Structure formats: structure tokens, C-alpha cells
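Colleague: 3D, please:
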Amino acid sequence: MSAAGDWAELLRVSALFTVPGDALAGAAAGGGRPGVRTLGAVAASLCLYSAGMALNDWADREEDARERPGRPLPSGRVGPGAALAAAGTLTAAGLGCAALAGRRAAAVAAPLAATVWAYDLWLKRTPLGPAAMGAARALDLLLGAASTGRVRRAVPSAVAVGAHTCAVTVVSRHETRGGAELPAASALTVAAALALALARRTDGAHDRSAASTDTGGGAAPEGAGAGCAGTGDAGSAGRARSPRRRPAPAADTPARDGSAAARDVLAPVAAATYAATAARPLLHAVLNPSPQLTQRAVGGGIRALIPLQAALAARAGAPVAALLTAALAPAARRLGRKVSLT
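Modeller: Numbering: from 1, shown residues only. Model prediction:
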């Protein structure tokens, strides 16, 4: 394998396709419109994720020498010093890109970077490891929200991504030592619950329908009552009592229609794709908890992040962000056949 291929394996470039969707889903959930600052958040996420991959292999180099000697560091294809230097450089680059995305994005990127380093160097060997990994993914989504919208509005989406990541991380702890039924069953339960929640229809379409068909059952338009009282004309009063005339369509009707389509069509489709991507390999790992099937379940869980992010963006009424995120899945699948996700 070439030097470029060695670094691609070290940084797990096939998993990088699961990263941009965090920022896109976060920007959508935060109520903002993706723009230049969102690109800065995406770049920051990619840098920090790659830093975590390099640091992970540096911290695990002795364990990998026993259990996975073919990895780039134990095999000698990449030096430990080079991997550590890359982790530091990529972290600095990620923080710099976040600063370009705005002060709020930089404020989220700092604890994200700290969580990545704490996880790789210490927390992953403790019971807090899965929660820390879930927190890192949640912060990554909030980084996208901080670049354009309101961070608080994106917290539910961040919790969803964090819960999925935490569950998959618990499963990954058994991929080199033999599988375990309970972690895979727990992750399968989490995936099913998230898929059902994402596929559930929101009240947005109902609210828009009620607003468009309400022609007089509620309060009268401002000024209508004053006009009738001021004239005392019986014909005018009669017209006021006959709410037959529909109001002019709102100027943002096309945008509303796009948001409705995202919520009512794209979100259930993405949720079903998420369920299929995550649940099938997890079910196999539950029925036959072998190392090979456990590794497949972990890989499926990582790939399932893409449709999960797409579903979150669609539920937030952002069809373009949802489609852009979903479009990353084929490339991730193809590259995953050449470069391992784990």
C-alpha cells in the first residue's frame, strides 16, 4: 500500500463521509440556513474527526500490536511520532476553521476537541468511554447549529445522534474480543426507537393546513370590525358575516411546501433507511455474537449515521440539507470496501 493509502487507513477516510451531515443537520435543527459559516463548521468537524482517528491509533499502538498487528502503526507503515503530530496539527486546524465559522462555533469546538483528546487518551478505557464518544458526536452537531442558528433548538437532534453513537460504541468494545449479545440488543433497541420517532409525522403540516383553511372561524382580520361599525351599512355587515373570500396565499408558500415535503416524505424515507442500515447487522450480532458479525454491526452503525442525519435535517424542514447528506452514503459504502471503518 502506498504512503497515501497508509494514511487513509490510519485516518479511516471512509468514515469521514459520516461527518458533514452533523453540521448540516445541526444548522437545519438550529433554524438557520446553511451558508459559508456552515462550510467552516464542516471543515472543523472533518479536521477534528481526523485528529481523533490519528490520536486513537497512537494511544492504542501497543494494544493493536497484539490484536491488530496489520494496522498502520504496529506494522511500521506510519510512525507513532508522525501520527501524534498529525493529531495535533489537525486539532489546531479544526479549531481555526471553527473560529472562521464564528465565535459561537469556536465556543463549541473547544470542548469538542477536549472531549476527543480526553476520550482517546483516557476515557475510552473507562466506563465513561461510550458516553464520551456520544458527547463528541452531539457536540459536533451543535457545532453546525452554532455556525448559523440557535444551539438550544438543535439539542434534541444532538441527543439523538449522541444516543446512537453511544450505543454503537458499547458494541465496538467487543469487536476484537468476541461479540456480546446484550450490547448489540441494546443498540438495536436504540436504533428502533430512534427510527420510530423520526418516522412519526410532525404537526407542522396540520398547522399549515389549519392556517390556510381558517376563513373566519377565528378572530376577524384587524380593521374589519371597525369598518362595519363605522358605516352601519347592512350590506357591509352581511359581507362581514360571510367568510367566503379566501385570503391571498402567503409569499413563502413554496418554502412551506418544501418544508412540508421534507417532513412528510423525506424524513420517513431517511428513517427507514437508517433502520435498515443499522438494525440488520445488529440483529445478526445478537443472534450470533461472533467477532466478525460484531465488526459488521459496528460498521453498519457508523454508516447509519448518514441516514440518521438526513432524517434529522428533513424533520427540521431542510430538504436540501437532507438530500446532500443522503448523497454521501454511496461514496461511503464504496470506499468502505477498500478502507475499513473501524
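Colleague: Isn't residue 53 up against residue 14?
Modeller: No - using Cβ atoms under 8 Å as the test, residue 53 is too far from residue 14 to be in contact (10.9 Å). The C-beta positions use only the backbone N, C-alpha and C, and glycine is treated the same way.
Colleague: and residue 108, how far is that from residue 115?
Modeller: 11 Å (Cβ to Cβ, to the nearest Å).
Colleague: shared neighbours of those two, anything?
Modeller: residue 139 (Cβ atoms under 8 Å, 6 or more residues apart in numbering).
Colleague: between those two, which one's more packed in?
Modeller: Neighbour tally, residue 108 and residue 115, criterion other Cβ atoms under 10 Å: the higher count belongs to residue 108, 25 against 22.
Colleague: Phi, psi for the closest residue to residue 75 other than its chain neighbours please.
Modeller: Leaving aside its sequence neighbours, residue 75 sits nearest to residue 69 (Cβ to Cβ, 6 or more residues apart in numbering; 6.3 Å). The phi and psi torsions at residue 69 (degrees, to the nearest 10) take the values phi -70, psi -10.
Colleague: Kindly format the C-alpha coordinates of stretch 282-293 as CSV.
Modeller: In CSV, the C-alpha atoms belonging to stretch 282-293 read as follows (Å, rounded to 0.1, in the frame of the first residue of the first chain):
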residue,chain,number,x,y,z
LEU,A,282,-27.1,-5.6,14.8
LEU,A,283,-29.7,-8.3,14.7
HIS,A,284,-27.1,-10.7,13.2
ALA,A,285,-24.8,-9.8,16.0
VAL,A,286,-27.5,-10.5,18.6
LEU,A,287,-28.3,-13.9,17.0
ASN,A,288,-24.6,-14.9,16.5
PRO,A,289,-22.3,-12.7,18.6
SER,A,290,-19.1,-13.5,16.8
PRO,A,291,-16.2,-11.0,16.3
GLN,A,292,-16.8,-10.9,12.6
LEU,A,293,-20.5,-10.1,12.9
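Colleague: can you pull the buried residues of it?
Modeller: 282, 283, 284, 285, 286, 289, 293 (16 or more other Cβ atoms under 10 Å).
Colleague: what residues are up against the third one?
Modeller: For residue 284, the contacting residues are 293, 296, 297, taking Cβ under 8 Å, 6+ apart as the criterion.
Colleague: check which helix or strand covers the first one.
Modeller: In this structure, residue 293 is located in helix 291-303 according to DSSP states H and E.
Colleague: just to revisit the earlier point, which of the buried residues of stretch 282-293 scores worst on pLDDT?
Modeller: Scanning these for pLDDT, the smallest score is found at residue 289, 85.
Colleague: where are the low-confidence patches of the stretch 151-300 of the chain?
Modeller: 176-179, 202-258, 261-262 (pLDDT under 70).
Colleague: which stretches of it form helices?
Modeller: 155-172, 181-199, 204-213, 224-231, 234-241, 253-261, 267-287, 291-303 (DSSP state H, counting those that start in this stretch).
Colleague: Quick check, pLDDT for residue 142.
Modeller: Looking at residue 142, the pLDDT reads 97.
Colleague: what separates it from residue 115, distance-wise?
Modeller: In terms of Cβ to Cβ, residue 142 sits 12 Å off from residue 115.
Colleague: Need the residues touching each of these two.
Modeller: Among the neighbours of residue 142, none is also in contact with residue 115 (Cβ under 8 Å, 6+ apart).
Colleague: Return the closest of the buried residues of stretch 282-293 with respect to residue 325.
Modeller: residue 282 (21.7 Å; Cβ to Cβ).
Colleague: ok, residues contacting whichever strand or helix holds residue 323?
Modeller: Assigned by DSSP H and E, residue 323 falls within helix 319-326. For helix 319-326, contacts defined as Cβ under 8 Å, 6+ apart pick out 20-21, 24-25, 27-28, 34, 258-259, 261-262, 266-267, 270, 273, 306-307, 309-311, 313-314.
Colleague: Buried only: go through these for me.
Modeller: Neighbour-count burial (16+ other Cβ under 10 Å) applied to these gives 20-21, 24-25, 27-28, 34, 259, 262, 266-267, 270, 273, 306-307, 309-311, 313-314.
Colleague: Show me those residues that map onto helices.
Modeller: Residues from these lying in helices, with DSSP state H as the criterion: 20-21, 24-25, 27-28, 259, 267, 270, 273, 306-307, 309-311, 313-314.
Colleague: All the strands of the stretch 1-150 of the chain, in order from the start?
Modeller: Assigned by DSSP state E, counting those that start in this stretch, the stretch 1-150 of the chain shows no strands.
Colleague: buried set for the longest helix anywhere in the chain?
Modeller: Looking across the chain with DSSP H, the single longest helix is helix 36-59. Within helix 36-59, the residues that count as buried by 16+ other Cβ under 10 Å are 37-59.
Colleague: That helix relative to helix 20-29, how many degrees between them?
Modeller: Put simply, helix 36-59 runs at 140 degrees to helix 20-29, going by axes from the mean of the first three to the mean of the last three Cα atoms, to 10 degrees.
Colleague: How far does helix 36-59 sit from its chain's centre?
Modeller: 15 Å (Cα atoms, centre = their mean, to the nearest Å).
Colleague: how about it as PDB, C-alpha atoms only?
Modeller: Taking Å, rounded to 0.1, in the frame of the first residue of the first chain, the C-alpha atoms of helix 36-59 are listed here in PDB:
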ATOM      1  CA  VAL A  36     -20.300  30.000   4.300                       C
ATOM      2  CA  ARG A  37     -20.100  29.600   8.000                       C
ATOM      3  CA  THR A  38     -21.600  26.100   7.800                       C
ATOM      4  CA  LEU A  39     -18.800  25.200   5.400                       C
ATOM      5  CA  GLY A  40     -16.400  26.300   8.100                       C
ATOM      6  CA  ALA A  41     -18.200  24.100  10.600                       C
ATOM      7  CA  VAL A  42     -18.000  21.100   8.200                       C
ATOM      8  CA  ALA A  43     -14.200  21.700   7.700                       C
ATOM      9  CA  ALA A  44     -13.700  22.000  11.500                       C
ATOM     10  CA  SER A  45     -15.600  18.700  12.000                       C
ATOM     11  CA  LEU A  46     -13.600  16.900   9.400                       C
ATOM     12  CA  CYS A  47     -10.300  18.100  10.900                       C
ATOM     13  CA  LEU A  48     -11.300  17.200  14.500                       C
ATOM     14  CA  TYR A  49     -12.600  13.800  13.500                       C
ATOM     15  CA  SER A  50      -9.400  13.000  11.600                       C
ATOM     16  CA  ALA A  51      -7.400  14.200  14.600                       C
ATOM     17  CA  GLY A  52      -9.300  11.800  16.800                       C
ATOM     18  CA  MET A  53      -8.600   8.900  14.400                       C
ATOM     19  CA  ALA A  54      -4.800   9.500  14.400                       C
ATOM     20  CA  LEU A  55      -4.700  10.000  18.100                       C
ATOM     21  CA  ASN A  56      -6.800   6.900  18.700                       C
ATOM     22  CA  ASP A  57      -4.200   4.700  16.900                       C
ATOM     23  CA  TRP A  58      -1.300   6.400  18.600                       C
ATOM     24  CA  ALA A  59      -2.900   5.700  22.000                       C
END
